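**Student:** quick one: sequence and predicted model below, then my questions.
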Amino acid sequence: MKSSTDGKGTGKSASTESGDGAERADWPIAGEALSVWPQAVFLLADGKITYANAEASRLVPEPLLKQPFATVFGEVDAECARTLAEMQTPLDLDLKTGSGRWIAVQARSYQKSTIVTCRDITEQKLLADRTEELSDFLENASVPMHWVGPDGTILRANQAELRALGYSAEEYIGHSIAEFHVDEPVIADILRRLTNDEVLDNYEARLRCKNGAILTVAINSSVYRKDGKFIHTRCLTRDLSSERFAAELEKRLAAIVESSDDAILSKDLNGMISSWNRGAESLFGYTAEEAIGKPISMLAPPDRIEEISNILERVGRGERIDPYQTKRTTKDGRILWISLTVSPIMDAAGNIIGASKVARDITHRIQSEEALQAANDSLTRANADLEQFAYSASHDLQEPLRMVLAYSELLKKRYGGQLSGDGDEFIGYLVEGATRMEHLLHDLRTFTQSAAIDQEDPRGIDANECLLRTIGNLKTTISDNGATITHDRLPVLMMHEFQLEQLFQNLIANAIRYHSQAPPIIHVGAKRVGQYWELCVRDNGMGVDPKYKEQIFGIFKRLHTSSEVPGTGMGLAICQRIVEGGGGRIWMESEPGGGSTFFFTVPAGQGN
């Protein structure tokens, strides 16, 4: 058996008879026969060359006689050299010489000598290597390939073919193509064409994958013949399904881009426009013919020219520029506010070759925002002026009002009962009106003060202590009305102490004021709801029709006359302003005769 060597040709001896005449044990030694023998022949005695024919001299052109055989081929690896030196016959060895040639060495004993034949097999080795490389290339090529015999049997298929269809080699190779083609007439047509030596060029067919999917492919195929005989076909298949899907996707994308109301365009890294959709024509006024090939800088106002180079530099680094606001110029010279998004465009190798740009006209939005901001600024100034006026008026009117009230009471004290019935009644109206005006001015000043306090940062306060102080402030009112007030354990709240006391005082006083026939019972509760503390003040009073649940928070809004229930109508408006100013909300749940519950929320501070 022949043995091949690794590296430089290391091999082991093998005991076989090749049938070669030069190796037979009964081969007659004849000088004339050796000299014309077509292979290099050496005779050895004790490992040294005693004879070399003409072919041996051509194979190894150097003085040979009396030389150890192991040295005639120059440098070989150590194991190979040792094998040659020992020359244990019979020997079959393929060795690679220092010059890069491959030599097949065979040695046989003959009487007291050893006959060695050598044959140059370099070309065969190179051909075998090339065949192996070609086979490896075909097996691992990314293009699906297969070979089909004249009867339609699949003889070979590479890995790409098997992956494309999902079969293993055992499930595919050795089977008829009829098992995998969807359309039977196609099989006969393909074999007929190839038998007639036609070359199939992008021949369309449908193949059945292992998972049941149908794959549309283009087949390119020709026949390999040997001595005129049909040996097999050579077929390459290309998946048309993915190509058609990609083409359809590209077509749809192009249609979307072209029909978009936004301006969508592209440019190279030098800033030259390379594409321009209808949206760009509509927005900037230039046609595609006018824009493509022109610098993108033609759209930038003079004060925005530097943006272009900065954008191109960032895109060249692979950055995506998310929407930002800037200005651009139209063909007719108008300046537009636009929202701009820029993304890198890459080629198949991942190299950045340009940028895509989407521009949207936001001029109207910017103008609306500016108008709204101006209106808000004006309203803020007006509110500030109004609050200042209200505070000043409520403060400045206190002194003359006190004088009216004082002299009205003095008039009633001195002359009450001495005037006619109408006179006493008129004096009563005067005192009552002055008293109500004093309360209104007090509440109006409180309302304006609540806005001023909103400008300050709140701090954590104990709601239990605030509630106790409030109950103390209302001690007389609570006692006069026989009211009972209970409460849960209340949390620490992030708000102004004065405002929380105002909330408790207004809501509790309101609950006492609108009590039913039964003595007032009021409960203050609290619970955590998400990121807020939700507090409530619940009473057993006369209740309110739900249709008035929004109206009652208006300034000076009352559901009863002052003769029925005293008050100014400012208490709940103050509560709403305090709560909403702190980021919460306030609302009421009630039914006539069923009492009322006022809820308000306060954002929970960090750690609360």
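**Tutor:** Yep, that arrived.

**Student:** from residue 198, how far out is residue 161?
**Tutor:** 22 Å (C-beta to C-beta, to the nearest Å). For glycine as for every other residue, the C-beta is placed from the backbone atoms N, C-alpha and C.

**Student:** more neighbours: which of the two?
**Tutor:** Neighbour count, other C-beta atoms under 10 Å: between residue 161 and residue 198, residue 161 has more, with 23 against 14.

**Student:** in a strand, that one, correct?
**Tutor:** No - assessed with DSSP: H, G, I helix; E, B strand; the rest coil, residue 161 is helix; it does not lie in a strand.

**Student:** contacting residues for it?
**Tutor:** 144-146, 172, 237 (C-beta atoms under 8 Å, 6 or more residues apart in numbering).

**Student:** which one of those residues is nearest to residue 346?
**Tutor:** residue 144 (27.1 Å; C-beta to C-beta).

**Student:** can I get the contacts of residue 161 in CSV including distance to residue 119 and pLDDT?
**Tutor:** Below are those laid out as CSV (distance: C-beta to C-beta, whole Å; pLDDT from 0 to 100):
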residue, distance to residue 119, pLDDT
144, 41, 90
145, 36, 88
146, 38, 90
172, 41, 92
237, 43, 89
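
**Student:** for ChimeraX, write the select line for the buried members of the residues you listed.
**Tutor:** Of the contacts of residue 161, the buried ones can be selected in ChimeraX as follows, counting by 16 or more other C-beta atoms under 10 Å:
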select :144,145,146,172,237
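
**Student:** which of the contacts of residue 161 fall in helices?
**Tutor:** residue 172 (DSSP state H).

**Student:** now residue 178: closest residue in space that isn't a chain neighbour?
**Tutor:** Leaving out its chain neighbours, the residue that sits closest to residue 178 by C-beta to C-beta, 6 or more residues apart in numbering is residue 187, at 5.5 Å.

**Student:** hang on, the one you found packs against residue 180?
**Tutor:** No - counting by C-beta atoms under 8 Å, residue 187 does not reach residue 180; the two are 9.4 Å apart.

**Student:** averaged pLDDT, stretch 571-590. What do you get?
**Tutor:** For stretch 571-590, mean pLDDT rounds to 86.

**Student:** can you check stretch 531-547 too?
**Tutor:** Mean predicted confidence for stretch 531-547 is 89.

**Student:** centre of the chain versus it, how much separation?
**Tutor:** 47 Å (C-alpha atoms, centre = their mean, to the nearest Å).

**Student:** can you tell me the distance between the two ends of that stretch?
**Tutor:** Start and end residues of stretch 531-547 are separated by 29 Å (C-alpha to C-alpha, to the nearest Å).

**Student:** now residue 480: which helix or strand?
**Tutor:** Assigning secondary structure by DSSP states H and E places residue 480 in helix 475-481.

**Student:** in that helix, which residues are buried?
**Tutor:** Neighbour-count burial for helix 475-481 flags residue 478 (criterion: 16+ other C-beta under 10 Å).

**Student:** could you do stretch 538-545 as well?
**Tutor:** In stretch 538-545, counting by 16+ other C-beta under 10 Å, buried: 538-544.

**Student:** where does the closest residue to residue 589 other than its chain neighbours land in three-state SS?
**Tutor:** Once flanking residues are discounted, residue 589 sits nearest to residue 597: 5.0 Å by C-beta to C-beta, 6+ apart. For residue 597, the assignment made with three-state DSSP gives strand.

**Student:** so what's residue 352 bridging to?
**Tutor:** Beta-bridge partners for residue 352, by DSSP bridges, are residue 346.

**Student:** next one: it from residue 314, what distance?
**Tutor:** Residue 352 sits 11 Å away from residue 314, going by C-beta to C-beta.

**Student:** ok, now residue 207?
**Tutor:** For residue 207, the distance to residue 314 - C-beta to C-beta - is 47 Å.

**Student:** for residue 412, see how far away the residue of the chain most remote from its centre is.
**Tutor:** Using C-alpha atoms, centre = their mean, the residue of the chain lying farthest from its centre is residue 418. It sits 91.2 Å away. Taking C-beta to C-beta as the measure, residue 418 and residue 412 are separated by 11 Å.

**Student:** distance from the chain centre to stretch 189-203, please.
**Tutor:** For stretch 189-203 - counting by C-alpha atoms, centre = their mean - the centre lies 48 Å from the chain centre.

**Student:** please renumber the chain so that the first residue is 160 from this point on.
**Tutor:** All set: I'll call the first residue 160, so the last point we hit is now stretch 348-362.

**Student:** start and end of it, how far apart?
**Tutor:** Start and end residues of stretch 348-362 are separated by 10 Å (C-alpha to C-alpha).

**Student:** what secondary structure does the residue farthest from the centre of the chain sit in?
**Tutor:** Local secondary structure at residue 577 is given as coil here, using three-state DSSP.

**Student:** do the same with residue 209
**Tutor:** Relying on three-state DSSP, one would call residue 209 strand.

**Student:** fine, thanks again, bye for now.
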